[in-house]
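K.L.:
model this:
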Amino acid sequence: MADKKYTIKKSVVGEAERRVFKINYERDLNPDQLEVVKTIDKPVLVIAGAGTGKTKTLIYRVSYLVELGGNPQSILLLTFTRKAANEMLKRAAALLKSSSAEQVSGGTFHSFANMTLRQYAKVLGYGEQFTILDDSDAADVVNLLRTRLRPEKKSQRFPKKETLVDIYSKSENTLTKIEEIIFREYPRFIEQADDILKLKSQYDDYKRKYNLMDYDDLLKNLRELLAANEPVRRAVAGKFSYVMVDEFQDTNKVQGEIVRLLGQDRHNVMVVGDDAQSIYSFRGANFRNIFDFPKYFPDCRIIKLTENYRSTQGILNFTNNVIEAATEKYEKELYSRKRSGEKPAIVAAETENVQSKFVVQRILELREAGITLNDIAVLFRSSYLSFDLEIELTRANIPYVKFGGMKLVEAAHIKDIIAFLRVIENPRDAVGWHRILLLHPGVGPRIAEKVIDRVAHNDGGYEPAGEEGGDIPSSAQDLIGFISEEGKKTNQPIEKVESILRYYAPLMQSKYDDYPKREKDLEMFASIAERYRSMQNFLADLALEPPTESVIDLGEKDKKEEQITISTIHSAKGLEWNSVFVIWALDGKFPSMYATDDEEALEEERRLMYVACTRAKDNLYVTYPVNVYDRESGRIFTKPSRFIEVVAPEFYEKWNLDFE
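P.N.:
Predicted coordinates:
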C-alpha cells in the first residue's frame with residue numbers, strides 16, 4: 001500500500017521571519033507603525049490620529065508586502081483619489097529601489113469598480129462597452145427626462161437638474177430612500193415627491209437601455225454584483241492576497257459594504273482612518289463604518305497610531321481636550337516630542353471687524369518673526385465667514401488664496417446684489433442692467449438689450465423711452481421703478497442693501513433650489529455693508545482678485561509667490577501649516593445653530609473643530625467676535641464655541657485685545 005502524502009503549507013509569517021529585507025523597518029518606524037506593517041495574518045483596523053504618519057505607514061506596508069514576494073497585482077490599495085494611490089506606489093517603489101511596487105493594484109473605489117464591472121457587466125445585464133456619464137452628462141440626461149415628464153406643469157415649482165442629481169446621488173450613496181432625502185433636506189419639494197421618484201425610475205431605465213452608468217452606478221452595481229452572485233464574489237475577492245483602504249472614515253455605506261464583501265473569505269483587509277476626522281457626511285460618508293469594522297471582522301486587531309510628528313505638545317493638549325468630549329470615539333491621546341512653543345491662544349474680539357484686524361496684525365507679526373506667508377492659514381466653518389477678513393487682508397496688501405468656496409464677489413447671488421447696487425449708483429451700467437433684468441420672468445436677452453438701449457439713450461434716466469415702456473414686460477417695468485426709487489434716496493449702503501434683499505428674495509427663491517444656504521451669504525454681505533458710509537467705497541472694496549482653483553493642486557511653483565491660505569476646514573483636511581487661525585469659534589456659528597438640535601450633526605461639528613486645530617504645527621489662535629447679531633434668527637450670539645469651552649484653562653492662554 002502506497003504511503004499517504006501530506007503537504008505542509010508555506011507559512012507566510014514564517015517566511016517573513018527568514019527573509020532578508022532591503023528596508024530596515026525597525027529603524028524607520030515607531031513600534032505602532034511597525035505593528036501595522038507586519039500584521040498580515042488577520043484583519044487590521046488602524047486608528048491613525050492626526051499627524052501620526054499614516055501615509056508613511058501605508059507606504060512601508062506596501063513595500064513590506066512586495067518584499068514578501070508573490071504577485072504585486074494581488075495587493076489592492078483603495079484610496080479616494082488616483083493621485084494619492086499613484087503617489088504612494090511611487091514612493092514605495094523609490095523606497096525599494098524597484099518598480100515592482102508600482103505594479104500593485106492601486107486606485108479609487110470607482111476605478112476598481114469600473115475595472116471589475118467591465119469583466120462582469122453581462123451578469124448585471126449591461127454590455128462590456130458601457131459608457132460612464134460624468135456629473136454634467138448625468139444632469140443633462142435627467143433634464144431631458146424631466147422635460148418629458150412635466151411638459152404641462154411649468155407653473156409648478158420642480159427641482160432643477162442639478163438638485164435632482166444631488167438627491168439621487170445621496171440616496172444611492174447612503175442607502176437612504178429618496179423620500180427621506182426630500183423630507184430632510186428639500187422639504188419644499190415634498191409635493192413633487194411622486195414625480196421625483198418616477199423620474200428616478202425613468203432615469204435608471206434610460207441608462208440601462210443605452211448601456212450607461214453614472215459614477216454612483218459604478219459603486220452600486222459593484223456592491224450588487226458582489227452581494228448577489230457568490231461565484232463572482234469569490235472570483236473577484238480571490239484575486240487579492242491583501243486589501244488596504246485609506247481614509248476609511250470617509251467611506252459611505254456602499255463602499256463599506258464593498259470592503260466587507262471583498263474580505264469576507266480571507267479576512268485579509270486592513271483599513272486606516274480616524275474617527276475623530278470624519279467630517280464629510282454631506283458627501284454621504286458614514287461615520288459608523290469605522291465602528292462597524294470590528295463587527296464584520298471580529299478577529300480584527302485594532303492598532304492606534306498616537307505619536308504626532310506635526311504639532312507641539314501644547315497644541316496636542318488643547319486638541320486632545322477638544323475631542324475628549326465626543327460621545328462616541330476610539331480612546332486615544334496624541335503625544336509629541338516637540339515640547340517647545342507657546343500655548344494655543346483663545347482670542348475674544350469685540351466685533352467681527354476687530355477679529356479681522358487682529359488676524360491681519362498677527363499675520364504681519366509672524367511674518368516679521370520669520371514665518372513665511374505660505375506657512376500661515378486662516379480656517380473657518382463656512383465660506384461666507386471669511387468675507388470681512390478678505391477685505392481687511394486686501395487693505396493690508398497681504399496676498400492670499402482662498403479654498404473651499406468662492407470669494408464674496410464670485411458667488412452668483414452676491415453678484416446679483418452687487419449688480420443692483422452698481423445700477424443704482426450708475427444707471428448707464430449696461431452689464432449690471434443685463435444681469436438683474438435676466439433675473440425677471442418674461443425677460444430674455446433680446447428684451448434686456450432693448451431696455452438697456454432705451455435707458456442708455458435716456459441720458460442715464462431710469463424711465464424707458466416710448467409710451468410707458470411699450471413692449472417691455474411688467475416685471476422689467478417693476479424693476480425699473482424699483483431702481484428709480486432707490487436712486488432718488490440718499491440713504492446709507494446698509495439701507496440700500498436691505499431694500500434690495502427684500503426685492504431680491506422671491507427672485508432668488510425662484511432661481512436657486514438651495515436658496516436657504518445662500519441666505520447666510522446675503523446676511524454676511526449686509527453686515528459688511530453696515531460699516532460703510534459711502535457706496536463708492538463699499539463697491540471699490542469688493543473688487544477682489546479671483547482665487548486659485550484648488551488647495552491640493554497648489555504646486556511648488558505657485559508657492560514661490562508668498563501668500564497665506566484662507567480655507568474652509570473641509571478643504572484643509574490633510575494639510576498643515578506652522579501657524580493656524582481658526583476664526584468665528586462662536587456658538588451659533590461654529591457649531592451652527594442648525595446643528596445644536598441634532599446630536600449627530602453636533603458631533604460632526606466637534607470633529608470639524610478638532611480637524612481645524614490639528615492643522616497647526618507651532619502656533620494656534622482660536623478667535624471669536626463677542627457681539628454678533630443674526631438678522632435671520634433675531635438672536636445675538638455672545639458665547640464662545642462650546643467646543644473650546646470644554647478645554648481646561650491650563651492648556652491655553654486667554655488674550656484680551658486692546659487698542660492704542
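K.L.:
could you pull out the helices for the stretch 301-450 of the chain?
P.N.:
313-324, 352-368, 387-395, 412-425, 430-437, 445-456 (DSSP state H, counting those that start in this stretch).
K.L.:
Out of those, flag the one nearest residue 165.
P.N.:
Among the helices of the stretch 301-450 of the chain, helix 412-425 comes nearest to residue 165, with 18.3 Å by Cβ to Cβ. (Each C-beta comes from the backbone N, C-alpha and C, glycine too.)
K.L.:
what packs against the closest one?
P.N.:
If contacts are counted by 3 or more Cβ pairs under 8 Å, 6 or more residues apart in numbering; DSSP states H and E, helix 412-425 sits against helix 430-437, helix 474-488, helix 493-511, helix 515-529, helix 535-541.
K.L.:
What is the least confident helix or strand in this structure?
P.N.:
Scoring the helices and strands of the chain by mean pLDDT, DSSP states H and E places helix 556-559 at the bottom, with a mean of 45.
K.L.:
residues in contact with residue 393?
P.N.:
Neighbouring residues of residue 393 by Cβ atoms under 8 Å, 6 or more residues apart in numbering: 360, 400, 564, 566.
K.L.:
tell me the pLDDT at it?
P.N.:
The score at residue 393 is 93. That number is its pLDDT.
K.L.:
about what we covered before: of all the helices and strands packed on helix 412-425, which lies closest to residue 137?
P.N.:
Across those, the minimum distance to residue 137, taken as Cβ to Cβ, is reached by helix 493-511, at 23.5 Å.
K.L.:
residues in contact with the helix or strand where residue 226 lies?
P.N.:
In this assignment (DSSP states H and E), residue 226 forms part of helix 215-228. The contact list for helix 215-228 (Cβ under 8 Å, 6+ apart) reads 109-110, 112-114, 116-117, 120, 123-124, 126, 132-135, 138, 168-169, 172-173, 207, 213, 232-233, 236-237, 252, 254-255, 257-258, 261-262.
K.L.:
switch to 7 Å and redo it
P.N.:
109-110, 113-114, 116-117, 120, 123-124, 169, 172-173, 207, 213, 232-233, 236, 254-255, 257-258, 261 (Cβ atoms under 7 Å, 6 or more residues apart in numbering).
K.L.:
How far does it sit from its chain's centre?
P.N.:
24 Å (Cα atoms, centre = their mean, to the nearest Å).
K.L.:
After that helix, which helix or strand is next? Please name it.
P.N.:
Trace forward from helix 215-228 with DSSP H and E and the next one is helix 230-237.
K.L.:
who does the helix or strand following that following helix pair up with?
P.N.:
Per DSSP H and E, the first helix or strand lying C-terminal to helix 230-237 is strand 242-245. Paired strands of strand 242-245, with direction, are strand 75-79 (parallel), strand 269-273 (parallel) (DSSP bridges).
K.L.:
and strand 242-245, C-alpha only, in PDB?
P.N.:
Output of strand 242-245 as PDB, limited to C-alpha atoms (Å, rounded to 0.1, in the frame of the first residue of the first chain):
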ATOM      1  CA  TYR A 242      -4.200  41.700   0.700                       C
ATOM      2  CA  VAL A 243      -6.700  44.600   0.600                       C
ATOM      3  CA  MET A 244      -5.800  48.000   2.100                       C
ATOM      4  CA  VAL A 245      -8.200  51.000   2.300                       C
END
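K.L.:
ok, back up a step: any chance of TSV for the helices and strands packed on helix 412-425, columns mean pLDDT, distance to residue 318 and mean neighbour count?
P.N.:
Shown next, in TSV, are the helices and strands packed on helix 412-425 (pLDDT from 0 to 100; distance: least, Cβ to Cβ, whole Å; neighbours: other Cβ atoms under 10 Å):
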stretch	mean pLDDT	distance to residue 318	mean neighbour count
helix 430-437	82	46	20
helix 474-488	84	49	16
helix 493-511	88	38	17
helix 515-529	80	28	19
helix 535-541	68	35	15
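K.L.:
nearest to residue 188, of the helices of the stretch 301-450 of the chain?
P.N.:
Nearest of those to residue 188, taken as Cβ to Cβ: helix 412-425 at 17.1 Å.
K.L.:
Look up the closest residue to the residue nearest the centre of the chain, ignoring the ones flanking it.
P.N.:
For the chain, the residue nearest the mean C-alpha position is residue 570 (4.5 Å; Cα atoms, centre = their mean). In space, and not counting its chain neighbours, residue 570 is closest to residue 404: 5.8 Å by Cβ to Cβ, 6 or more residues apart in numbering.
K.L.:
tell me the contacts of residue 255?
P.N.:
Residue 255 is in contact with 109, 219, counting by Cβ under 7 Å, 6+ apart.
K.L.:
Distance from the helix or strand harbouring it to the middle of the chain?
P.N.:
According to DSSP H and E, residue 255 maps onto helix 253-262. Relative to the centre of its chain, helix 253-262 is centred 22 Å away, using Cα atoms, centre = their mean.
K.L.:
got the angle for it vs helix 230-237?
P.N.:
Inter-element angle recorded for helix 253-262 and helix 230-237: 90 degrees (by axes from the mean of the first three to the mean of the last three Cα atoms, to 10 degrees).
K.L.:
Give the buried residues for helix 253-262.
P.N.:
Across helix 253-262, burial judged by 16 or more other Cβ atoms under 10 Å covers 253, 254, 255, 256, 257, 258, 259, 260, 261, 262.
K.L.:
Make JSON lines out of these and add pLDDT and distance to residue 142.
P.N.:
As requested, the buried residues of helix 253-262 are exported to JSON lines (pLDDT from 0 to 100; distance: Cβ to Cβ, whole Å):
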{"residue": "253", "pLDDT": "93", "distance to residue 142": "23"}
{"residue": "254", "pLDDT": "94", "distance to residue 142": "20"}
{"residue": "255", "pLDDT": "95", "distance to residue 142": "24"}
{"residue": "256", "pLDDT": "94", "distance to residue 142": "27"}
{"residue": "257", "pLDDT": "95", "distance to residue 142": "26"}
{"residue": "258", "pLDDT": "95", "distance to residue 142": "25"}
{"residue": "259", "pLDDT": "95", "distance to residue 142": "30"}
{"residue": "260", "pLDDT": "95", "distance to residue 142": "31"}
{"residue": "261", "pLDDT": "95", "distance to residue 142": "29"}
{"residue": "262", "pLDDT": "94", "distance to residue 142": "31"}
